[in-house]
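Engineer: fold the following for me, if possible:
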Amino acid sequence: MRRYICLSSILFAVFPAAASACAVFIEPAARIEQGLASGTIQAVAAVQIIDARHIREPEGDTHPWIATAKITEILQGSGLPESIQFERGWGSAACEWNLPSLPEKGDRWVLYFWKDRLGRFRPWLELTAAEARAFDPGFLTR
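Structural biologist: Presented below is the predicted three-dimensional model:
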């Protein structure tokens, strides 16, 4: 047992990326399909970025940011707030698709929402409008 712990410690020290790497990466198209089929996705909305800023210094492949966006169109569901905040840029360890750079004011994104146990909408998947068109076969028909 001691050898295993010692070996594990050495491996994580020598290969830190492996220790924090995403265990299972699911492409956005598959995530959307699974989210809709399971009922996880409760709403979909087109949003426009109002403001975005980094929330931490870059480290490895991470440079996290937070964006505030105005919902411009509800594509599926109802009861969404007028604006929403979401974070990205946490890197491959967070299984993030495309590691997007800080968005600019006016950029258009599509957010897929789930509901928490209190019934509040929470962003589940965030894609640029171009990514949503590419990965969501139902995007244009919502």
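Engineer: show me where this structure has strands.
Structural biologist: For the chain, strands defined by DSSP state E occupy the ranges 43-54, 65-76, 83-88, 108-115, 121-128.
Engineer: dump those strands into TSV; add mean neighbour count and distance to residue 96 as well.
Structural biologist: From N, CA and C alone the C-beta is placed, and that goes for glycine too. Shown next, in TSV, are the strands of the chain (neighbours: other Cβ atoms under 10 Å; distance: least, Cβ to Cβ, whole Å):
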stretch	mean neighbour count	distance to residue 96
strand 43-54	18	15
strand 65-76	17	12
strand 83-88	17	7
strand 108-115	21	14
strand 121-128	19	10
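Engineer: okay if I get the ones you listed as a markdown table plus mean pLDDT and distance to residue 35?
Structural biologist: Shown next, in a markdown table, are the strands of the chain (pLDDT from 0 to 100; distance: least, Cβ to Cβ, whole Å):
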| stretch | mean pLDDT | distance to residue 35 |
| --- | --- | --- |
| strand 43-54 | 97 | 10 |
| strand 65-76 | 96 | 11 |
| strand 83-88 | 95 | 16 |
| strand 108-115 | 97 | 6 |
| strand 121-128 | 95 | 7 |
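Engineer: ok, which of those strands comes nearest residue 24?
Structural biologist: Across the strands of the chain, residue 24 has its closest neighbour in strand 121-128 (15.0 Å, Cβ to Cβ).
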